[in-house]
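Asks: Quick one: sequence plus predicted model below, questions after.
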Amino acid sequence: MSSHETEHGGDIYSAAEALKKIPANRIIDFSASINPLGPSKKVKAEIRKSLKYLGRYPDPACRRLSKRIGRIYNIDPANIICGNGSNELIHLMVAALKPSKVLVTAPSFSEYSRAAKIAGAGINKLYLEEKNMFRIDPERFALSMQGCDMAFLGNPNNPTGHVLSKDKVLFIADQAASAGCLLVVDEAFIDFCPKESVIEINTLYSNNNLVVLRSLTKFHALAGLRIGFGVFPKNLITVLKETKDPWSVNYLAQRAAYVALGDKVFVKETAKWLKQEKTLLESEFSKLGFTVLPSEANFIFIQHPKAQQIRNRLYKRGILLRDCSNFEGLNSSYLRIAVRSRRENSRLIKELRFCIKK
């Protein structure tokens, strides 16, 4: 497997090609943290209904979707830009704003650094401490922003799942404004702990140094359609729109996201499912001798001295775990494991028991 293939989770296609005897649809993927309940019934019905309109270009401004996002979060739609997943918006910001120095934590989502490198920006790294369970310290983060034009804060952070409380994020945002640094809060996993989101904070409008990104990939299981959005200060909107690909958000993604954001029943079902399955998995991992680190997302961050042997054995059996050794700041003893269905989770525990005995 090349380093590019293993850079992110969810690459069942490379695994199927390497394993040969196991097709992609039979691989059990714990490496990508996608809601295993899949898209909601309402979303699937909307997609079926929308198929007859595939001959149309999508709305480049995503007007209907932006208005719905605005109503839900009490945000002016003029502050919203939708993208081909929030990942497009990460790359768009760095390309359009051309920061000279960008702050990222280590470990964190690799696309922050990748976007900065592509744009030729310098990168400052704040290494999270193992002794502190890789938690982000707001004071250390604030100090590290000095001399940076842009800072990425994953909340919850990926791959650790650690979440900062809303008041701590707002403290960092205030410090960013004082330092003249644009703070980008990536809330890709915040739907699993929504109380800590800063998206509805009214200071967003007066603070020209705060951006909030959201994704519908994880919670709403729309990874295959690629849809996310960002809330930006008005002074950045024009330059970002001038740089952005006009049709990056396809017609089905816009329709699916519109319905997904209004589906309150699905939100309750997911919250109930996650609490049960995650608690069960964490308990089983502990019994098997794994160190389970606290995570508020839909994945579990674990440590085991034989992590690589375990991952490789399960890989050969068509079960993918996220090897965290290519996250800067982590070693090969860490794994990130998504919470999946009861049947799949039970299979994982059974396979792990077998691996650990060997």
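Replies: Done, it's in.

Asks: what are the ranges of the strands in the stretch 251-358 of the chain?
Replies: 291-293, 299-303, 319-320, 322-323, 334-338 (DSSP state E, counting those that start in this stretch).

Asks: what packs against the third one?
Replies: It refers to strand 319-320. When contacts are defined as 3 or more Cβ pairs under 8 Å, 6 or more residues apart in numbering; DSSP states H and E, strand 319-320 sits against strand 28-29, helix 342-357. From N, CA and C alone the C-beta is placed, and that goes for glycine too.

Asks: so what secondary structure elements neighbour the helix or strand following the first one?
Replies: The one in question is strand 28-29. Per DSSP states H and E, the first helix or strand lying C-terminal to strand 28-29 is helix 41-50. For helix 41-50, the contact count by 3+ Cβ pairs under 8 Å, 6+ apart identifies helix 251-261 as packing neighbours.

Asks: what residues does the helix it packs on touch?
Replies: Residues outside helix 251-261 that contact it (Cβ atoms under 8 Å, 6 or more residues apart in numbering): 39-40, 42-43, 46-47, 50-51, 53-54, 56-59, 62, 64-65, 68-69, 72, 82, 84, 216, 220, 222, 225-227, 229, 266.

Asks: pLDDT averaged over that helix - what is it?
Replies: Mean pLDDT, helix 251-261: 98.

Asks: Please export the C-alpha coordinates of that helix as CSV.
Replies: Extracted C-alpha coordinates of helix 251-261, given in CSV (Å, rounded to 0.1, in the frame of the first residue of the first chain):
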residue,chain,number,x,y,z
TYR,A,251,-27.4,18.7,-7.7
LEU,A,252,-28.1,15.6,-5.7
ALA,A,253,-25.7,16.7,-2.9
GLN,A,254,-27.6,20.0,-2.6
ARG,A,255,-31.0,18.2,-2.4
ALA,A,256,-29.8,15.5,0.0
ALA,A,257,-28.2,18.0,2.4
TYR,A,258,-31.3,20.2,2.4
VAL,A,259,-33.4,17.2,3.6
ALA,A,260,-30.8,15.8,5.9
LEU,A,261,-30.4,19.0,7.9
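
Asks: quick one: low-confidence ranges for the stretch 201-350 of the chain?
Replies: In the predicted model of the stretch 201-350 of the chain, residues 201-206 satisfy pLDDT under 70.

Asks: where do the helices sit along the stretch 151-300 of the chain?
Replies: 166-179, 203-206, 234-243, 251-261, 264-287 (DSSP state H, counting those that start in this stretch).

Asks: got the end-to-end distance for stretch 137-151?
Replies: Terminal residues of stretch 137-151 are spaced 14 Å apart (Cα to Cα, to the nearest Å).
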